[in-house]
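could you look at this predicted model? Sequence included:
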Amino acid sequence: MTMAKIYQPAKSAMQSGRARSLNWILEFDQEIPKTIDSLMGWCGSDDMNEQVRLEFPNKMDAIAFAEKNNITYRVFDVRKRRIRPKSYAENFAYNRKQPWSH
């Protein structure tokens, strides 16, 4: 039985935008363990489902696809972002925990 996980990826730490984190992803779990190549030392696998990554616009479409194709799935819900309001003046506050420096 094929097992998959459905999740919404986190935003990239390299940029402030959230462009690649809005879609939902369906990825298959590893079924066959990876083997180490004796000559080069690289890891390889005969499991082709591990390379498949499907994107969906919402969670319901991903779940519907999995159910239609008899794929056992787990859904990982999104944790809400906590945005703490702050201002530029907090950089120079007197009661700052770390000293301000350049």
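Noted; the coordinates are in hand.

contact partners of the host helix or strand of Ala62?
Assigned by DSSP states H and E, Ala62 belongs to helix 59-68. Contacts to helix 59-68, defined as CB atoms under 8 Å, 6 or more residues apart in numbering, come from residues 4, 6, 8, 24-26, 54, 56, 71-73, 75. Yep, even glycine has a C-beta here, placed from its N, CA and C like the rest.

try 7 Å
The contact list for helix 59-68 (CB atoms under 7 Å, 6 or more residues apart in numbering) reads 4, 6, 24, 26, 56, 73, 75.

just the buried subset of these, written out for PyMOL, thanks.
Selection command for PyMOL covering only the buried members of these, criterion 16 or more other CB atoms under 10 Å:
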select buried, resi 4+6+24+26+56+73
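
quick one: name whatever helix or strand follows the helix holding Ala62.
Downstream of helix 59-68 (by DSSP H and E), the next one is strand 72-76.

mean confidence score for that next one?
Computed over strand 72-76, the mean pLDDT rounds to 96.

mind checking how far the helix holding Ala62 is from the chain centre?
Put simply, helix 59-68 sits 18 Å off its chain's centre (CA atoms, centre = their mean, to the nearest Å).

swap in stretch 73-93?
Per CA atoms, centre = their mean, the centroid offset for stretch 73-93 relative to its chain is 17 Å.

low-scoring stretches of the protein, by residue?
Of all residues in the chain, those with pLDDT under 70 make up the ranges 1, 99-102.

same thing but 90
For the chain, the stretches with pLDDT under 90 are 1-2, 10-22, 30-35, 37-39, 41, 43-51, 78-102.

could I get the full set of strands for it?
Assigned by DSSP state E, the chain shows strands spanning 3-7, 24-28, 35-36, 43-44, 53-56, 72-76.

so which of the ones you listed gets nearest Met14?
Closest of those to Met14 is strand 24-28, at 18.5 Å (criterion: CB to CB).

looking at the contacts of helix 59-68, which is nearest Asp37?
Nearest to Asp37, judged by CB to CB, of those is Ala4 at 27.1 Å.

in this structure the closest one contacts Phe28, no?
Yes. Assessed by CB atoms under 7 Å, Ala4 is found in contact with Phe28 at 5.0 Å.
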